[in-house]
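predicted coordinates and the sequence they were generated for:
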Amino acid sequence: MIAALLGEFDWLQIVTLIISAMLIGINKTALPGIGVLPVVLLSMMFPGRLSTGLQLIMLAMADLMAVAYYRRKADWRIVLRLLPWAFVGLAIGSGVLRLIPPEEDLLMRRLIGGIVLGLMALNFIRARIAPDRMPTGIVAGGFFGTLLGITTQLANAAGPVASIFFLAMKLPKDKFMGCNAWFFLIVNYTKLPIFIWEGRITMESFQIDLLMIPFLLLGGIFGIYLLPRMPQKLFENIIQVLILISAVKLFF
């Protein structure tokens, strides 16, 4: 059965799935900024809508691992500030997706990459001009929550947006990871029936992703080992660099 499932793909696609699974595991337990790299890898090797379905199943499985480890670390005031608006963003993202033809995957990636680059530019200006005045209240929560919903519905690429908001909240590493884990667990499991309805997840893609569980676990365990040994400032700098690289890659 395994041979029959993987027989549909060439060896390069199989290697891409394995690497993406390990990156998703690391993303969920140590480095949220790395989350767009699997988006790029999978979109290069698979049709756009299939690539997002393959990734979402792996993300949903890895979310369980992340929440199991960081379940007591979340600041629920922050998570609940974002969630209602994220659901609004999911609806908007579904509407936008209907307007983008299936063959226009590059347009979708550039749209998300441009949004992330714009946010990074604003964050850079804010850090230089008014480092203590990044808006993080109700209005900012509405803006970022809606944007998170749109970008995650379009291409599972909301990680950089969430990282920018959580960095602005000046969260320590463990609370950062706890908020990230719970927020995306709720959002990704909300997305699953939508993706199935849109035809982006099939029984075949689900079965293939089940084979990636060992690699998700391997990446997650590596992330759990890595995070406690990483200084807070280094953690923040690495995430910002990964956000920039991912956004540039998406855009170009």
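Noted; the coordinates are in hand.

what number of residues lie near residue 68?
Around residue 68 there are 10 other residues, counting by other C-beta atoms under 10 Å. All C-beta spots, glycine's among them, are computed from the backbone N, C-alpha and C.

just the mean pLDDT for the helix or strand hosting it, thanks.
Counting by DSSP states H and E, the element that carries residue 68 is helix 48-70. Averaging pLDDT along helix 48-70 gives 93.

just the buried positions in it, please.
Applying a neighbour-count criterion of 16 or more other C-beta atoms under 10 Å, one finds 48-63, 65-67, 69-70 buried in helix 48-70.

show me what it is packed up against.
For helix 48-70, the elements it packs on are helix 11-29, helix 36-45, helix 173-197, helix 203-210, helix 213-226, judged by 3 or more C-beta pairs under 8 Å, 6 or more residues apart in numbering; DSSP states H and E.

immediately after it, which helix or strand?
The first helix or strand that comes after helix 48-70 along the chain, using DSSP H and E, is helix 76-99.

about what we covered before: out of the helices and strands packed on helix 48-70, which comes closest to residue 82?
Among the helices and strands packed on helix 48-70, the nearest to residue 82 by C-beta to C-beta is helix 173-197 (6.1 Å).

now the closest one: average pLDDT?
95.

possible to save the helices and strands packed on helix 48-70 as CSV with mean neighbour count and distance to residue 163?
Below are the helices and strands packed on helix 48-70 laid out as CSV (neighbours: other C-beta atoms under 10 Å; distance: least, C-beta to C-beta, whole Å):
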stretch, mean neighbour count, distance to residue 163
helix 11-29, 21, 10
helix 36-45, 22, 10
helix 173-197, 20, 8
helix 203-210, 15, 24
helix 213-226, 18, 15
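
roughly how far is stretch 201-208 from the heart of the chain?
Computed by C-alpha atoms, centre = their mean, to the nearest Å, the separation of stretch 201-208 from the middle of its chain amounts to 20 Å.
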